[in-house]
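> Just to be clear, the model below is a prediction. Sequence and coordinates:
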Amino acid sequence: MANLLGNTKIKRISMADQVAERIKQAISDGLWQSYSKIPTEAELAEMYGVNKLTVRLALQKLNTIGIVETRIGDGSYVIPFNLQKHLEGLNEFIMAPELLDDVCEFRNIIEIPCACLAIDRATPEELEELENKCRLFDKYEPEYLKSTDKSAQERQAIIERLAELDLDIHRYICQISHNTLLYNSFTVAQGTIYQFLKAILKQRLDRFIEGQDDYPLKAHANLYTAIKNKDYAACKKQYTEMVDHHVIFNSIK
């Protein structure tokens with residue numbers, strides 16, 4: 001019976017953990033709103049019937065997980081939980097070759113529908129802003145190709161800048177789809193997508209240096225043109241070619 005139930009021992013929860021859970025529940029219930037100041041350590045100690053050290057430990061835990069922020073000499077404040085901020089710290093760790101397929105699938109599922117929605121919903125002002133972002137990318141892109149004679153550190157800096165510009169374009173396309181859930185899905189994953197873009201750009205540059213491949217210039221300009229002209233087929237085709245990494249990565253295995 002014991003084996004079937006596994007470890008059935010009751011774990012003792014510390015007082016500090018209990019206080020942390022109570023404070024977290026109070027915040028969740030709306031007792032203290034985002035950015036508002038919560039009661040002092042002494043007030044919380046009296047409220048929960050514990051000493052101030054226990055409260056201090058509870059607040060330290062809530063600070064660590066990003067629920068409150070304690071300011072020395074001022075007190076503790078509720079801060080909105082930011083999942084993206086926590087994911088950003090994991091991006092370098094989780095980006096691995098086997099994740100490339102997952103990122104590619106995610107981008108096809110999220111970004112292509114966003115681009116198609118942008119065709120229908122983007123305002124003239126938004127299309128103009130998209131064009132400006134694509135032009136900025138195209139202006140910087142030649143520096144990327146000229147970096148073949150630069151040091152590895154200089155090339156990496158250029159790749160990172162180009163990846164930032166690339167990410168900004170795709171994030172904006174999701175934004176002008178005017179679908180909040182799709183846009184939020186992209187922003188949560190954008191740190192991982194940024195690592196994906198850097199990997200793609202590095203591989204493309206390496207192959208270009210070695211004379212093994214031609215670099216596809218003006219890809220973003222073509223995507224903008226497809227969106228502006230309301231050409232769904234061209235938009236989907238351009239996006240698929242941009243997102244799919246297999247042409248590059250499979251050819252070097």
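Sure thing, it's come through.
> phi, psi of residue 68?
With angles defined as degrees, to the nearest 10, residue 68 sits at phi -130, psi 160.
> buried ones in the host helix or strand of residue 172?
Following DSSP states H and E, the helix or strand that holds residue 172 is helix 152-175. Going by neighbour count (16 or more other Cβ atoms under 10 Å), the buried part of helix 152-175 is 155, 158-159, 162-163, 165-167, 169-175. C-beta: built from backbone N, CA, C; applies to glycine.
> And for stretch 45-54?
So stretch 45-54, judged by 16+ other Cβ under 10 Å, has buried residues 45, 48, 50, 54.
> Do me a favour and get the end-to-end distance for it?
8 Å (Cα to Cα, to the nearest Å).
> for it, what is the average pLDDT?
For stretch 45-54, mean pLDDT rounds to 92.
> How about residues contacting it?
15-16, 19, 22, 39, 41-42, 55 (Cβ atoms under 8 Å, 6 or more residues apart in numbering).
> That stretch: how far from the chain's middle?
Computed by Cα atoms, centre = their mean, to the nearest Å, the separation of stretch 45-54 from the middle of its chain amounts to 38 Å.
> and what of stretch 157-169?
That offset, for stretch 157-169, works out to 14 Å (Cα atoms, centre = their mean).
> What of stretch 104-111?
Relative to its parent chain, stretch 104-111 has a centroid offset of 14 Å by Cα atoms, centre = their mean.
> What's the local residue count around residue 60?
For residue 60, the neighbour count with other Cβ atoms under 10 Å is 13.
> Spit out the contact partners of it.
Counting by Cβ under 8 Å, 6+ apart, residue 60 has contacts residue 70.
> Could you do the one 3 residues further on as well?
Contact criterion Cβ under 8 Å, 6+ apart gives 69-70, 76 as the residues in contact with residue 63.
> In a markdown table: the residues you listed, plus distance to residue 241 and pLDDT.
Putting the contacts of residue 63 into a markdown table (distance: Cβ to Cβ, whole Å; pLDDT from 0 to 100) gives the following:
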| residue | distance to residue 241 | pLDDT |
| --- | --- | --- |
| 69 | 45 | 88 |
| 70 | 50 | 88 |
| 76 | 51 | 92 |
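> just these now: which is nearest residue 126?
residue 69 (34.9 Å; Cβ to Cβ).
> Next, that closest one: phi, psi?
The phi/psi pair for residue 69 (degrees, to the nearest 10) reads phi -130, psi 120.
> give me the number of residues near it?
For residue 69, using other Cβ under 10 Å, the count is 15.
> Also residue 39?
For residue 39, the neighbour count with other Cβ under 10 Å is 16.
> For the closest residue to it other than its chain neighbours, give its distance to residue 21.
Residue nearest to residue 39 in three dimensions, not counting chain neighbours: residue 47, with 6.7 Å by Cβ to Cβ, 6 or more residues apart in numbering. Between residue 47 and residue 21 the distance is 14 Å, computed by Cβ to Cβ, to the nearest Å.
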